[in-house]
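**Student:** Please find the sequence and the predicted model below.
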Amino acid sequence: MFFKTIDFSKFSSIKVGVPIEVLMLERGDIVPKDRMIIGHANNLLVSNTPVPLMMLSKDFSFMEIKENFLTIGCATPTGKILSFAKKNDLAGFEFVSKLPGSLGGMIAMNAGVKSYEVFNILEAVKIDGEWMPKEEIEHGYRFAKLKGVATEVRFGIHKGFDKELLDELVNLRSNQPKIASAGSAFKNPKGDYAGRLIEAVDLKGVSRGGMQWSKIHANFLVNHGGGVFEDAKYLIDLAKEKVFNRFGILLKEEVQIL
Ligand SMILES: Cc1cc2nc3c(=O)[nH]c(=O)nc-3n(C[C@H](O)[C@H](O)[C@H](O)COP(=O)(O)OP(=O)(O)OC[C@H]3O[C@@H](n4cnc5c(N)ncnc54)[C@H](O)[C@@H]3O)c2cc1C
């Protein structure tokens, strides 16, 4: 293991944060219990004083087909997984297009688009050195209780990459803001949409410092440049308060605040 300074104002997708020393895990390392594992910070809002952090090094960025299984290391970026699936004509991975991040982050968030979720296609996850079948991992809409660090994931092999589905999913996402964000800020409450609720309390387009509830998609907290943690947190708390006061609904963050 070794330390690396990561500037979260550059590294995170929302471009908020400061340089922080992050412990990089290499193959064979014993995973420390007092640090939080992060992926590629596409779903994180990192304060200037987060809990101690760790990340998987390049040792865990790989893909291999062996004995009728596809095994992928958890540091592998989703873009690479999509190219691999296309090249090898593999079905099931079309939805990872435009789902930025690493496989580890995808697994922990049970990331997905519409009815497509990563837990629908995987078979087992290696957590803290032990393979766990997916049936033994509690998971649901945008969460999975991993109870440790995921390093590898095993998928069954099904032939037939679906180019039409890929095009459909890519188009579906064209209404999302292109500027820095961490994707959806809140999970959709049952039977409703967080974006609709934020709009209903007149926060769509409202900003503080460089941060703004996007004019394009109200559930995206975007950074127009120079946005800082305090501004982002202020807008998140404001949305929660206003939505609760008006609708009695407590919005739950999808973005993870560290
Ligand atoms: C523009 C944009 C659009 C997005 N659209 C979507 C969408 O449509 N659907 C969707 O689901 N998400 C979406 N996201 C969110 C993001 O793409 C996913 O949550 C992604 O899976 C995060 O991966 P990451 O590697 O960046 O993880 P991080 O953001 O770094 O971490 C996320 C969580 O994963 C945990 N984690 C990371 N690695 C590991 C590991 N190896 N072992 C255990 N836990 C780990 C972290 O502790 C943290 O809790 C979007 C993000 C952006 C910026």
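**Tutor:** Everything's here; your move.
**Student:** any idea how far the closest residue to residue 53 other than its chain neighbours lies from residue 109?
**Tutor:** In space, and not counting its chain neighbours, residue 53 is closest to residue 22: 4.7 Å by C-beta to C-beta, 6 or more residues apart in numbering. Glycine gets a C-beta too; all of them are placed from N, C-alpha and C. The spacing between residue 22 and residue 109, counted by C-beta to C-beta, to the nearest Å, is 19 Å.
**Student:** Those two: which is more packed in?
**Tutor:** A count of neighbours by other C-beta atoms under 10 Å puts residue 109 above the other of residue 22 and residue 109, at 23 against 20.
**Student:** my guess is the more buried one meets residue 146, correct?
**Tutor:** No: using C-beta atoms under 8 Å as the test, residue 109 is too far from residue 146 to be in contact (10.3 Å).
**Student:** and the residue nearest the centre of the chain, what does it touch?
**Tutor:** With distances taken as C-alpha atoms, centre = their mean, residue 43 lies nearest the centre of the chain, 4.3 Å away. Each residue near residue 43 by C-beta atoms under 8 Å, 6 or more residues apart in numbering is listed here: 13, 101, 105, 109, 111, 182-183, 254-256.
**Student:** Which of these fall in strands?
**Tutor:** Among the contacts of residue 43, DSSP state E puts 182-183, 256 in strands.
**Student:** Next, format those as TSV and append pLDDT, neighbour count and distance to residue 236.
**Tutor:** TSV is the format used below for the ones in strands among the contacts of residue 43 (pLDDT from 0 to 100; neighbours: other C-beta atoms under 10 Å; distance: C-beta to C-beta, whole Å):
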residue	pLDDT	neighbour count	distance to residue 236
182	93	27	11
183	91	21	14
256	96	16	12
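**Student:** Out of those, which comes closest to the ligand?
**Tutor:** residue 183 (2.5 Å; C-beta to the nearest ligand atom).
**Student:** The closest one touches residue 13, doesn't it?
**Tutor:** Yes: under the criterion of C-beta under 8 Å, residue 183 makes contact with residue 13 at 7.5 Å.
**Student:** buried set for the lowest-mean-pLDDT helix or strand in the chain?
**Tutor:** For the chain, counting by mean pLDDT, DSSP states H and E, helix 163-172 ranks last in confidence among helices and strands (a mean of 85). Residues of helix 163-172 classed as buried: 166, 169 (neighbour count, 16 or more other C-beta atoms under 10 Å).
**Student:** What of stretch 90-110?
**Tutor:** 90, 92-110.
**Student:** which residues sit in contact with residue 108?
**Tutor:** Counted by C-beta under 8 Å, 6+ apart, residue 108 has contacts 39, 143-144, 146, 150.
**Student:** now do residue 93
**Tutor:** 81-82, 84-85, 121, 161.
**Student:** try it again with 7 Å
**Tutor:** 81-82, 85 (C-beta atoms under 7 Å, 6 or more residues apart in numbering).
**Student:** re the thing from before, against the ligand, which of the ones in strands among the contacts of residue 43 make the cut? List them.
**Tutor:** Contacts with the ligand within the ones in strands among the contacts of residue 43, as defined by C-beta under 6 Å from any ligand atom: 182-183, 256.
**Student:** where does the stretch 51-200 of the chain have low pLDDT?
**Tutor:** 173-175 (pLDDT under 70).
**Student:** Show me which residues of it sit near the ligand.
**Tutor:** Near the ligand, when you scan the stretch 51-200 of the chain using C-beta under 6 Å from any ligand atom, you find 56, 74, 99-102, 104-106, 108-109, 111-113, 142, 146, 149-150, 181-183.
**Student:** 8 Å instead?
**Tutor:** 55-56, 60, 74-75, 78, 98-113, 117-118, 127, 142, 146, 148-151, 173, 176-177, 180-184 (C-beta under 8 Å from any ligand atom).
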